[in-house]
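Chemist: Coordinates only, no sequence provided:
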């Protein structure tokens, strides 16, 4: 009895016509392996065909679908390779993914918002703007770049339609929503971990009011909006005022969101507050005409930045006054903070005495990370004296392009030096009050349907 080639690649068989014993030998590979794997198998199996009787011309023997158990004749030549990356980035040796997922957070970077006010072919009734941002889940380390269209405000607030998926995976998803009026961004995501037997799914959401640097708006003029005409539309672009920012989130089910930061404990830090920091001060003086035909006056402008360690927010104050030539009267008046208002700031005032260099501030804020339904307000007054300022000549605008302006007595620019900044303003009066209610500031994100 000899082995016969059955015209299949690397396949041979033997058959004993008296006993009905069938032996098959085959060499094979698998098409679902990557070429670099190069694995093959050689197997041999023998079976006795069931109900076999030697066939005759009148009674042939036929049978189909016979299962044969084979044995490998040669060891499998295995070439180890690096396994393919999973679809969902799992925890590494430096991350405890499951435990970190119970206190979720995301790091935002490369944020760019362009208000370009365009329509989409799927929705001609609304106008949209473009937003790109890179979002990294701190529990998994997974990073996704989002590019979405943000619906322009229509006065109805955010809806479930304002959530946009950044990317879709078989076992994870990330969506963001952005509120144009308040510069608040919302994040919600589902993911898995592989460091425990019960590694998910984890569902969490969070939001934050962003601190942005925006370009000067450029008017677009009249824009058709449905059947109406919308005026005073301007284009501009915004980026984060720092390379990145972190959003602290909450695992599902999502509670009533607080406005203040839980990780840094706004409430505890407020009770321990002893001073506010004056981190930036610039004062400019220049001679100018108050009005055509009147004598020149010396105008003064200043820019001040104040930092609150309790809320980790900065406040900006700008102000100015003018004086007639030869006068040196104090202009210590209270002025309100301006610029981007942090979400927990209720009021902010600043007073600068240009004669004594004394500064006074009054700030009121609230914290609600311990109980959003019972916010606590804090009011602090602080005072201090600026050290000696560094001053430089402040040239007037040149009369011709490229020509420097003249400098006269009083045309100066003064600022805090690096060695004297920041200046600590000690708390002189501090009060707090439990409101007994929620403080509604900013948009309400529709987290789930």
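Modeler: Structure's in. What do you need? No experiment lies behind these values; they were computed from the predicted model shown. Numbers count the residues shown, from 1 in each chain.
Chemist: Residues in contact with stretch 341-348: which ones?
Modeler: 182, 184, 209, 211, 259-260, 266, 306, 311, 313-315, 317, 336-337, 361-367, 377, 441-442 (C-beta atoms under 8 Å, 6 or more residues apart in numbering). The way it works is simple: take the backbone N, C-alpha and C, and place the C-beta from them, glycine included.
Chemist: Please repeat the previous calculation with a cut-off of 7 Å.
Modeler: By C-beta atoms under 7 Å, 6 or more residues apart in numbering, the surrounding residues in contact with stretch 341-348 are 209, 259-260, 266, 311, 313, 315, 336-337, 363-367, 377, 441-442.
Chemist: likewise stretch 96-110?
Modeler: Residues from elsewhere that reach stretch 96-110 (C-beta under 7 Å, 6+ apart): 90-91, 132-140, 187, 193, 195-196, 199, 202, 204, 206, 243-249, 251.
Chemist: Make a PyMOL selection of the buried ones in those residues.
Modeler: Listed next is the PyMOL selection for buried residues among those, using 16 or more other C-beta atoms under 10 Å:
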select buried, resi 90+91+133+135+136+137+138+139+140+187+193+195+199+202+204+206+245+247+248+249
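Chemist: Sort out which of the contacts of stretch 341-348 are buried, if you could.
Modeler: By neighbour count, with 16+ other C-beta under 10 Å, these hold 209, 259-260, 266, 311, 313, 315, 337, 363-367, 377, 441-442 as buried.
Chemist: Go through those and flag which are in strands.
Modeler: Within the buried ones among the contacts of stretch 341-348, residues falling in strands by DSSP state E are 209, 313, 315, 363, 364, 365, 366, 367, 377.
Chemist: Same list, these, but as CSV with pLDDT please.
Modeler: Shown next, in CSV, are these (pLDDT from 0 to 100):
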residue, pLDDT
209, 83
313, 83
315, 83
363, 94
364, 95
365, 94
366, 94
367, 92
377, 94
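Chemist: Torsion angles phi and psi at the nearest residue to residue 24 once chain neighbours are set aside?
Modeler: Leaving aside its sequence neighbours, residue 24 sits nearest to residue 13 (C-beta to C-beta, 6 or more residues apart in numbering; 4.8 Å). Here is the backbone geometry of residue 13 (degrees, to the nearest 10): phi -140, psi 160.
Chemist: Could you report the neighbour count for residue 13?
Modeler: The local packing of residue 13 (other C-beta atoms under 10 Å) involves 15 other residues.
Chemist: That one bridge partners, please.
Modeler: Note on residue 13: beta-bridge partners residue 4, residue 24, judged by DSSP bridges.
Chemist: Roughly how far does it sit from residue 69?
Modeler: Note on residue 13: its distance to residue 69, by C-beta to C-beta, to the nearest Å, is 15 Å.
Chemist: sorry, back to before: surely the residue nearest to residue 24 is in contact with residue 44?
Modeler: No: counting by C-beta atoms under 7 Å, residue 13 does not reach residue 44; the two are 10.4 Å apart.
Chemist: Overlap in contacts, these two.
Modeler: Common neighbours of residue 13 and residue 44, using C-beta under 7 Å, 6+ apart, are residue 23.
Chemist: Domain-wise, how is this protein divided?
Modeler: 4-72, 97-251, 266-434 (automatic domain parsing).
Chemist: Can you say which helix or strand has residue 100 in it?
Modeler: Remark: residue 100 resides in helix 97-101, with elements defined by DSSP states H and E.
Chemist: and that helix, average pLDDT?
Modeler: If you average the pLDDT over helix 97-101, you get 85.
Chemist: any idea which helix or strand comes after it?
Modeler: Per DSSP H and E, the first helix or strand lying C-terminal to helix 97-101 is strand 105-120.
Chemist: Give the partner strands of that following strand in its sheet and their orientations.
Modeler: Assessed with DSSP bridges, strand 105-120 is paired to strand 123-137 (antiparallel), strand 228-240 (antiparallel), strand 244-251 (antiparallel).
Chemist: Now that we have these, can you turn them into TSV and tack on distance to residue 422 and mean pLDDT?
Modeler: Output for the strands paired with strand 105-120, formatted as TSV (distance: least, C-beta to C-beta, whole Å; pLDDT from 0 to 100):
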stretch	distance to residue 422	mean pLDDT
strand 123-137	30	82
strand 228-240	22	69
strand 244-251	21	87
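Chemist: In CSV: those, plus distance to residue 174.
Modeler: Rendered in CSV, the data for the strands paired with strand 105-120 read as follows (distance: least, C-beta to C-beta, whole Å):
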stretch, distance to residue 174
strand 123-137, 6
strand 228-240, 19
strand 244-251, 12
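Chemist: Looking at the ones you listed, spot the one closest to residue 415.
Modeler: Proximity to residue 415 (C-beta to C-beta) singles out strand 228-240 among these, at 24.9 Å.
Chemist: How about residues contacting stretch 15-27?
Modeler: Here stretch 15-27 makes contact (C-beta under 7 Å, 6+ apart) with 1, 10-14, 40, 42-49, 52, 54, 68.
Chemist: So which of the residues you listed belong to strands?
Modeler: Judged by DSSP E, strands contain the following of the contacts of stretch 15-27: 11, 12, 13, 14, 42, 43, 44, 45, 46, 47, 48.
Chemist: Just the buried residues of those residues.
Modeler: Among the ones in strands among the contacts of stretch 15-27, those buried by neighbour count (16+ other C-beta under 10 Å) are 12, 42, 43.
Chemist: where does the stretch 301-449 of the chain dip in pLDDT?
Modeler: Applying pLDDT under 70 to the stretch 301-449 of the chain picks out residues 319-331, 339-340, 394-411, 418-420, 448-449.
Chemist: just to revisit the earlier point, now render the domains of the chain as CSV, adding distance to residue 446.
Modeler: CSV is the format used below for the domains of the chain (distance: least, C-beta to C-beta, whole Å):
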stretch, distance to residue 446
domain 4-72, 44
domain 97-251, 5
domain 266-434, 17
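Chemist: what's the straight distance from one end of stretch 115-130 to the other?
Modeler: With C-alpha to C-alpha, to the nearest Å as the measure, stretch 115-130 spans 7 Å from end to end.
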